[in-house]
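Novice: Next comes the sequence, and after it the predicted model I'd like to discuss.
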Amino acid sequence: MIGWLLHLSLILGYLVISTLSAFTTCTVPHTNGTDDVPGLHALLPGCSSNARILFQQGVTYNISTPIVFGTLQNVEIAIEGNLELPTNIPYVQGIVNASGGSVRWFTASGKNVTVSGNQDPDWGWIDGEVNVYSANENSD
Ligand SMILES: *[C@@H]1O[C@H](CO)[C@@H](O)[C@H](O)[C@H]1NC(C)=O
Ligand SMILES: *[C@@H]1O[C@H](CO)[C@@H](O)[C@H](O)[C@H]1NC(C)=O
Ligand SMILES: *[C@@H]1O[C@H](CO)[C@@H](O)[C@H](O)[C@H]1NC(C)=O
Ligand SMILES: *[C@@H]1O[C@H](CO)[C@@H](O)[C@H](O)[C@H]1NC(C)=O
């Protein structure tokens, strides 16, 4: 009986800890004048499950290179800031050519991946020539 109670309290303790630490908000860093994608990619290993990847309101992100979110699970991609894609056509063509003739600027796959925007009319925009969004949601 004592052993059983101890076991139960360990389970409850574990549940409390895992509930508290279950969800992370990962705010995408921004530096003026540089491509923000490497910073986002650096963040992803800790944010690919049970997380909210936040592009903050009030920030115009420089998305000069394609974003590869990888395989995500229970992740919300919250686009509350603006994402500015390159408008320099030869530059984009160079990237397209380098990747064998086609490129997806945003790729994500996984389970339960949602993309949300912003109610504020000034924020939550994806501004650019190529905004192909590809998300594969596999349900189980
Ligand atoms: C970054 O750019 C924005 C918009 O041009 C400007 O308001 C802000 O002061 C700049 N921040 C820094 C740290 O230079
Ligand atoms: C975005 O980043 C690229 C690469 O670092 C840079 O050449 C470009 O000037 C930046 N654009 C803006 C609007 O800051
Ligand atoms: C799906 O992901 C969201 C976070 O974006 C989470 O709140 C929700 O519980 C997840 N749903 C399931 C069924 O796991
Ligand atoms: C990309 O390839 C196209 C078609 O092959 C070519 O016309 C263009 O000059 C190339 N651009 C760059 C920047 O490599």
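Specialist: Cool, the structure landed. Ligands and ions are numbered 1, 2, ... in the order given.
Novice: Distance of residue 53 relative to residue 78?
Specialist: The gap separating residue 53 from residue 78 is 7 Å, by C-beta to C-beta, to the nearest Å. All C-beta spots, glycine's among them, are computed from the backbone N, C-alpha and C.
Novice: Need the per-residue pLDDT for residue 14.
Specialist: pLDDT recorded at residue 14 is 49.
Novice: And for residue 5?
Specialist: On the pLDDT scale, residue 5 is placed at 51.
Novice: Equivalent analysis for residue 62, please.
Specialist: We have a pLDDT of 97 for residue 62.
Novice: do residue 119 as well
Specialist: Note for residue 119: predicted pLDDT of 94.
Novice: what do you get for residue 76?
Specialist: pLDDT, residue 76: 96.
Novice: Equivalent analysis for residue 90, please.
Specialist: On pLDDT, residue 90 comes in at 89.
Novice: Please identify which helix or strand holds it.
Specialist: In this assignment (DSSP states H and E), residue 90 forms part of helix 89-98.
Novice: Which residues belonging to whatever helix or strand comes next after that helix are considered buried?
Specialist: On the C-terminal side of helix 89-98, the closest following helix or strand by DSSP H and E is strand 106-116. For strand 106-116, the neighbour count (16 or more other C-beta atoms under 10 Å) marks 106, 107, 108, 110, 113 as buried.
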